[in-house]
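Chemist: Here is my input, please return the structure:
(chains A and B)
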Amino acid sequence: TMDLPHHGYRATKPRARAGPPAGDPLLFDDTSSSTPAMNTQGYYTPGYNMGAPAGGPQGGAQVNNLFADPMANAAMMYGSSLANQGKDMVNKEISRFMSVNKLKYFFAVDTKYVMKKLMLLMFPYTHQDWEVRYHRDTPLTPRQDVNAPDLYIPTMAFITYILLAGMALGIQKRFSPEVLGLCASTALVWVIIEVLVMLLSLYLLTVHTDLSTFDLIAYSGYKYVGMIFTVLCGLLFGSDGYFVALAWSSCALMFFIVRSLKMKILSSLSSDSMGAGASAKPRLRLYITVATAAFQPIIIYWLTSHLVR
Amino acid sequence: RSEKMAFTLYSLIQAAILCVNAVAVLHEERFLSKIGWGVDQSVGGFGDEPGIKVQLMNLVRSVRTVMRVPLIAVNSVCIVLLLLFG
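Modeler: I've put the predicted structure just below:
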């Protein structure tokens, strides 16, 4: 049986937060010291509760003192109801394009997972079990399974890469805000192109996997970790360090991608269960996996070589 | 060096519009049937897994069906914008 640890574990580390200074009106309900909320799904636990209306009798009395004028009170209620309506409308529009619950699954990470995943991206050669574990037909969240893809690391790595690129350009005295924006949009465009090509090739070869678009974005975004490492080594140790780090992170990333995608693509159930005429398909799937892996060093070199002269 | 190869999101949108236009102008009778890519040639067996060619033909046909009307609007907007702003 699968036992779900961290049943009520919070998404963020509990930070030592100083309480509000005495005498100020208690506008937000500070629940950082209270017990964490019990979430039976285990997907997403909010860090702290912001702006809870039931602020306790003491908070309520102080808020009432703030708005002694009933007109301002009425205006504040009207404004907050308008904001709620706007928020509902925005949520409805967004959920037409992508399911927000699915997105929340990718951001349900914790520090231990991030550490282990970064180690895995840089040194995947000793990891034994690459299978994504399931729990009653739903994949486990990244918090509980180190093999699950997440979107937190790619997003953070992308932003860090942009900042690092700005710094590298500044060191070479070639910095300007337009170049930074250009660098960011170039990297984003390459990610989009890679995801589209992967989707197209998976569709054309009728590979029935459970790789969703977000999974592909996640796997495509893991290369930014390698890029950051490469650029850092290039800045610290010069051109030799750059090429050594490029070779290291390329090999590690290729190994990681091949092992992760092999489980999903090559062993997925094809609709032709008879086995006849399936000789061409595993070969083509192997080509896809290898091509994806081989594309990573090329794009890492392309996007970072101009930063390290 | 890389500034020349740098992409903006706008160039990606331009490339996408041009590609979809290219797929949309392939005529069914005059061209696709002549080279064996017509819709009547894509019937496969039931237990059979569709090959790459069948999948591609289905993709071309569905892109043409779905994107015909939005392409009219998008192309008109592009033309007006390019005339106004160069």
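Chemist: OK, contacts around the residue in the stretch 101-250 of chain A positioned nearest to chain B?
Modeler: Nearest residue of the stretch 101-250 of chain A to chain B, counting by Cβ to the nearest Cβ: residue A:189, 4.0 Å away. For glycine as for every other residue, the C-beta is placed from the backbone atoms N, C-alpha and C. By Cβ atoms under 8 Å, 6 or more residues apart in numbering or on different chains, the residues touching residue A:189 are B:7-9, B:11-12.
Chemist: Got the phi and psi for residue A:125?
Modeler: phi -80, psi -20 (degrees, to the nearest 10).
Chemist: That one - how many residues pack around it?
Modeler: Neighbour count of residue A:125, defined by other Cβ atoms under 10 Å in any protein chain shown: 10.
Chemist: Leaving out sequence neighbours, find the closest residue to it.
Modeler: Among residues not flanking residue A:125 along the chain, residue A:255 sits closest, at 6.5 Å (Cβ to Cβ, 6 or more residues apart in numbering or on different chains).
Chemist: what's near enough to touch the residue minimising distance to the centre of chain A?
Modeler: Nearest to the centroid of the C-alpha atoms of chain A, with distances taken as Cα atoms, centre = their mean, sits residue A:151, at 1.6 Å. Residues in contact with residue A:151 (Cβ under 8 Å, 6+ apart) are A:103, A:106-107, A:214, A:217-218, A:221.
Chemist: mind checking which helix or strand the residue nearest to residue A:125 is in?
Modeler: helix A:223-261 (DSSP states H and E).
Chemist: so after that helix, what's the next helix or strand?
Modeler: Remark: after helix A:223-261, the chain's next helix or strand is helix A:280-304, criterion DSSP H and E.
Chemist: gap between that next one and the chain center?
Modeler: Computed by Cα atoms, centre = their mean, to the nearest Å, the chain-centroid distance of helix A:280-304 equals 22 Å.
Chemist: For the stretch 1-150 of chain A, give me the ranges with low pLDDT.
Modeler: Applying pLDDT under 70 to the stretch 1-150 of chain A flags the ranges A:1-67, A:98.
Chemist: Where does it get nearest to chain B, residue-wise?
Modeler: Counting by Cβ to the nearest Cβ, the stretch 1-150 of chain A gets nearest to chain B through residue A:97 (15.9 Å).
Chemist: those helices in the chain, which residues are they?
Modeler: No chain in the question, so chain A it is. A:56-66, A:70-97, A:100-106, A:111-122, A:152-171, A:177-204, A:213-221, A:223-261, A:280-304 (DSSP state H).
Chemist: oops, I was thinking of chain B
Modeler: B:2-5, B:9-24, B:52-85.
Chemist: Rebuild the ones you listed as CSV, extending it with mean pLDDT.
Modeler: Converted to CSV, the helices of chain B look like this (pLDDT from 0 to 100):
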stretch, mean pLDDT
helix B:2-5, 52
helix B:9-24, 88
helix B:52-85, 87
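Chemist: Including distance to chain A, could these go into TSV?
Modeler: TSV is the format used below for the helices of chain B (distance: least, Cβ to the nearest Cβ, whole Å):
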stretch	distance to chain A
helix B:2-5	4
helix B:9-24	5
helix B:52-85	5
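Chemist: May I see the ones you listed organised as JSON lines, with distance to residue A:165 added?
Modeler: Formatted as JSON lines, the helices of chain B follow (distance: least, Cβ to Cβ, whole Å):
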{"stretch": "helix B:2-5", "distance to residue A:165": "11"}
{"stretch": "helix B:9-24", "distance to residue A:165": "17"}
{"stretch": "helix B:52-85", "distance to residue A:165": "30"}
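Chemist: Tabulate those helices in JSON lines, adding columns for mean neighbour count.
Modeler: Shown next, in JSON lines, are these (neighbours: other Cβ atoms under 10 Å in any protein chain shown):
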{"stretch": "helix B:2-5", "mean neighbour count": "10"}
{"stretch": "helix B:9-24", "mean neighbour count": "13"}
{"stretch": "helix B:52-85", "mean neighbour count": "13"}
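Chemist: Please see if stretch A:294-306 touches chain B.
Modeler: Yes: shown here: stretch A:294-306 in contact with chain B (Cβ under 8 Å from any Cβ of the partner chain) through A:302, A:305-306.
Chemist: Tell me which residues of that stretch come out buried.
Modeler: Buried residues in stretch A:294-306, counted by 16 or more other Cβ atoms under 10 Å in any protein chain shown: A:295-297, A:299-300, A:303-306.
Chemist: Run through who's touching that stretch.
Modeler: In contact with stretch A:294-306 (Cβ under 8 Å, 6+ apart) are residues A:186-187, A:190, A:194, A:223, A:226-227, A:230-231, A:234, A:242, A:246, A:249-250, A:253-254, A:257, B:1-2.
Chemist: Thanks again, I'm all set now.
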